[in-house]
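*Asks:* okay, sequence plus prediction incoming.
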Amino acid sequence: MSSPTDIFLPPTLPYPVKVTSLDVQLGAAVQRGTRLLTYSFLYSSPAIGSKPEIRFGTWDCSIEGAVESWKVKLGDSISAQKAKQRPIICITEPCKHGVQIGGLCGLCGKDMTEFDYTGFSDASRASIQMTHSAFGPTVSLEEARRIEKETADHLLKSRKLSLIVDLDQTIVHATVDPTVGEWIAEGEAWEARQTKKRSTTPQDEPDDDDSDDTASDAEDECNPNWEALQDVRKFRLGPESFGMLSVPRGGHKGKGKQKLIENEGCMYYIKPRPGTQDFFRNISTKYEMHVYTMGTRAYAEEVCAAIDPDGKIFGGRILSRDESGSLTQKSLQRLFPCDTSMVVIIDDRADVWEWSPNLIKVIPYDFFVGIGDINSAFLPKVELLAPAVPSPSLAKPPSPPVSDTEASSLEPSTPEEREKAEMESKAMLTQNSMALEAQVEERPLAKKQEALLESDGTGSTTPPGDPSPKHPKSDMKAAESPKVEKVQRKALLKNDDVELQRVGYLLGEVHRRFFSSYDNRTPEDRGKKRRPTLTRSKAHDVTKIIPQMRMDTLHGVHILFSSVIPLDTKPETTEIWKIAHMFGAQCYTELSSRITHVVAAKHGTVKVDAARKRGGIKIVWLSWFTDSIALWRRQDEIPYLLDDPSAAAPSSSPILDPHQISSDPEPDADDWDVEPAPAGSTSLELHDIDWNDINDEVEAAMNESDDEDDAISERSSARSVFSDNDDAMSDDTPSQLSSPNTTPRLKRKRLRSVTPSDGGTNGVGNRQGDVLRSPLAKRKKLAASRSGTSKLKEAVTADELVDTESLSDHSRRPSPLLSTPFMSFEEGAEDDEYADDGDDEDDDWLAHELEVDWG
């Protein structure tokens, strides 16, 4: 005998109501439509001036059974709120119709489609579909709890948990690109030829064909992708599975490949992830596995037949999009409506699960490069940096089980909503079918292989060690020659994925922690284990273990994002911010002493520079964060550190003299207009300079006279430019000097100061045509007139030691080897003559004054 059923008043009564009579006695048998009680209520007429009046109503029974107890008594007043919270009567039913299939009760066989004036349908009592079939039985909430309790007890005795496994890009990768079939055919043909050659003995081969066989062996090259394609499985699905039940777009019949797809369907190529069989073998001892995929039922069954031919792993526990009821979301409540404390999920997409606390996210398997998930082309691309769609908290606890009425309300209720949902589903399926059509027609893998060959330069037959380019005709001749080594083609498809090893470790850790907590539970917990209302307070709960493992990943990390979150976005609303908190990190918007990591997307931001100046903060690229999240393990920061641009990166600032002591600009630097050096010129090193020539030029400049006439003054003015340049050179002697072609040319000279001699105030030389001279030039002239020619300016070399006479005469010949952009050799010689004439005169007023002071 089943437990009594609590019956509540319907929400349609004119509350508040008052119980005036109980029309059935305890233990009485009731049928559908039997009157249970009579009530009174206050009625207000809409007519103007009418007074409220008391009216009466009745409430009839909607089920069959015997009255167990009344929860109200005569005279009780019941409000709408109390009617929702408290049952009115308890009735013991001969059958609760908790399991239904095909419109019939699975227990008593009664028709569940009957509907009468009471407004209650028995079909709504079993609305939970928890099997893997779309046409399987539906159960009531009470029956679902009972089934889950039995399943949990069975799993606990077997020391197992439940594991929901996604297919595409989690366990396998699929494509419909016919290029894969051609590569497999090439590989199989090559294997057949090799087998035939190995089985053929040398005695069986004719002597005449020896040379031909040798040539064919050299030319017989295997497809580079064949090694990775050897375990690829293939199957064909009919056009109904490809989504082509209707006439193609535009109302025209397809042609070529399109017509073939319409008639024969499409060939699928399935690549199991490396290590799949070992993964299944190890995990099947700890988990009972279920398949949950966005693919069709036919597709899921074919894939499971390929990776689990014996049915020992999944055992028919397959849930596809045909049964799940949604193309964009996955729900644990579809299979486990009451308790998810023993369920683990592995999937490459977290958004379809809304980052469920049961989820272990898997790095997507992308064997067929660039293909993606062929069954979810209509889903949006996963973008960490985009603002999150308003949704429940990412770290929310598992949602409570829904009641029968709530479960029915989740589906579109009105015809308009159902029609809209159906149109959206058709649009998404059409989009997915178009993506598959594009793969078949465009053959993206073939294009990527060709691009790889072109980038690898396999078209060139130049032997190693011969870098000289050849003419195309010579290349053709070289290709015919057997001496030229043929370049091996590169493989596009790689068989180097090891993600299942990491996932297997995480699943093993979850299993270990769960049963460790289960074995260490207290006696009080052991006594409460059968109470469904207390299951969420237990320590052995996957929804607590997995979030804690996530939190351990970045525990103690305090992150400041830089150039990662858009400026016009609130940081707290972005996915990357929420995911960081989910994995244990703390995020901030300003730099402070708590920051341990600056996660940046580029160099030179204000936050990056400020963190570098502060010191003690690890400045890393964004990939450090994403890799740590993907692997559930904090990565070493050293490979991800941002280089200090001031130390290694090229700077946009002008290149300064490495021997410059001060960073201050050179005085009067803005008085010079320096033209940039010509591109491609080279600099002149110090050891390449002929210092003899420079000394001669300097001495000639220091001995110039102020008594030239107007014409001589003009030449002397140009000469003084070079003297100042020499002074600048002497100040920076250790630095590099530019060659004559790279020396910056001075476009204008700063104005020389007017001395009293120029103004005629001293009376020594009131010359109208005297040129303006700089203070530096005057100091040099004063030093030369005071002490004569300095022997420190003479540079002695080994060759010049032979000519002692030239050294004793202190020759002051200008260098014929040093060319200057300011004047020609003839002008320099002419100026030297004037400079020699000026050596005999001493008319500088400053020198005269200094000699008077010195006595």
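*Replies:* Done, it's in.
*Asks:* which one is Gly75 nearest to, not counting chain neighbours?
*Replies:* Distance criterion CB to CB, 6 or more residues apart in numbering; nearest residue to Gly75, sequence neighbours excluded, is Val19 at 6.4 Å. In this view, the C-beta of every residue, glycine as well, is placed from N, C-alpha and C.
*Asks:* any idea how far that neighbour lies from Trp577?
*Replies:* As judged by CB to CB, to the nearest Å, Val19 and Trp577 stand 56 Å apart.
*Asks:* which of the two has more neighbours?
*Replies:* Trp577 (24 against 19; other CB atoms under 10 Å).
*Asks:* now do the same for the more buried one: helix, strand or coil?
*Replies:* Using DSSP: H, G, I helix; E, B strand; the rest coil, the structure places Trp577 in helix.
*Asks:* what does the one 10 residues further on give?
*Replies:* Per three-state DSSP, the local secondary structure of Cys587 is strand.
*Asks:* quick one: contacts for it?
*Replies:* Cys587 makes contact with 558-561, 571, 577, 580-581, according to CB atoms under 8 Å, 6 or more residues apart in numbering.
*Asks:* low-confidence stretches in the stretch 451-600 of the chain?
*Replies:* For the stretch 451-600 of the chain, the stretches flagged by pLDDT under 70 are 456-488, 524-537.
*Asks:* just the strands in it please.
*Replies:* 558-562, 586-588, 597-600 (DSSP state E, counting those that start in this stretch).
*Asks:* quick check: which of the ones you listed is nearest to Pro274?
*Replies:* strand 597-600 (31.3 Å; CB to CB).
*Asks:* so what does that closest one touch, helix or strand wise?
*Replies:* Applying 3 or more CB pairs under 8 Å, 6 or more residues apart in numbering; DSSP states H and E, we find strand 597-600 packed against strand 558-562, helix 606-614, strand 618-621, helix 622-631.
*Asks:* one more time with 6 Å, if that's ok
*Replies:* strand 558-562, strand 618-621 (3 or more CB pairs under 6 Å, 6 or more residues apart in numbering; DSSP states H and E).
*Asks:* point out the most buried one among those strands.
*Replies:* Neighbour counts (mean count of other CB atoms under 10 Å) averaged over each of the helices and strands packed on strand 597-600 peak at strand 558-562, with a mean of 22.
*Asks:* starting from that strand, tell me which strands it pairs with and how they run.
*Replies:* Strand 558-562 has the following strand partners under DSSP bridges: strand 586-588 (parallel), strand 597-600 (parallel).
*Asks:* burial count for Gln85?
*Replies:* Neighbours of Gln85 under the rule other CB under 10 Å: 8.
*Asks:* from Gly75, how far out is it?
*Replies:* Distance, Gln85 to Gly75, using CB to CB: 19 Å.
*Asks:* same thing with Glu441?
*Replies:* Applying CB to CB, the value for Glu441 to Gly75 is 78 Å.
*Asks:* again, but for Pro357
*Replies:* Counting by CB to CB - Pro357 and Gly75 are separated by 49 Å.
*Asks:* out of the two, which sits in the more crowded spot?
*Replies:* Counted by other CB under 10 Å, Pro357 and Gly75 do not tie: Pro357 has more neighbours, with 23 against 8.
*Asks:* Val542 is in contact with that one, correct?
*Replies:* No. With contact defined as CB atoms under 6 Å, Pro357 does not count as touching Val542 (7.8 Å).
*Asks:* could you list the residues in contact with stretch 77-89?
*Replies:* With CB atoms under 6 Å, 6 or more residues apart in numbering as the contact definition, stretch 77-89 has outside contacts at 6-9, 15-18, 70-72.
*Asks:* strands - which of those residues land there?
*Replies:* 6-7, 17-18, 70 (DSSP state E).
*Asks:* CA atoms only: put stretch 512-522 into PDB for me.
*Replies:* Provided in PDB are the C-alpha atoms of stretch 512-522 (Å, rounded to 0.1, in the frame of the first residue of the first chain):
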ATOM      1  CA  ARG A 512      39.300   9.500  -3.700                       C
ATOM      2  CA  ARG A 513      38.100  12.600  -1.800                       C
ATOM      3  CA  PHE A 514      34.500  11.500  -2.000                       C
ATOM      4  CA  PHE A 515      34.900   8.000  -0.600                       C
ATOM      5  CA  SER A 516      37.400   9.300   2.000                       C
ATOM      6  CA  SER A 517      34.700  11.600   3.300                       C
ATOM      7  CA  TYR A 518      32.100   8.900   3.000                       C
ATOM      8  CA  ASP A 519      34.200   6.400   5.000                       C
ATOM      9  CA  ASN A 520      35.000   9.000   7.700                       C
ATOM     10  CA  ARG A 521      31.400  10.100   8.200                       C
ATOM     11  CA  THR A 522      30.100  10.300  11.800                       C
END
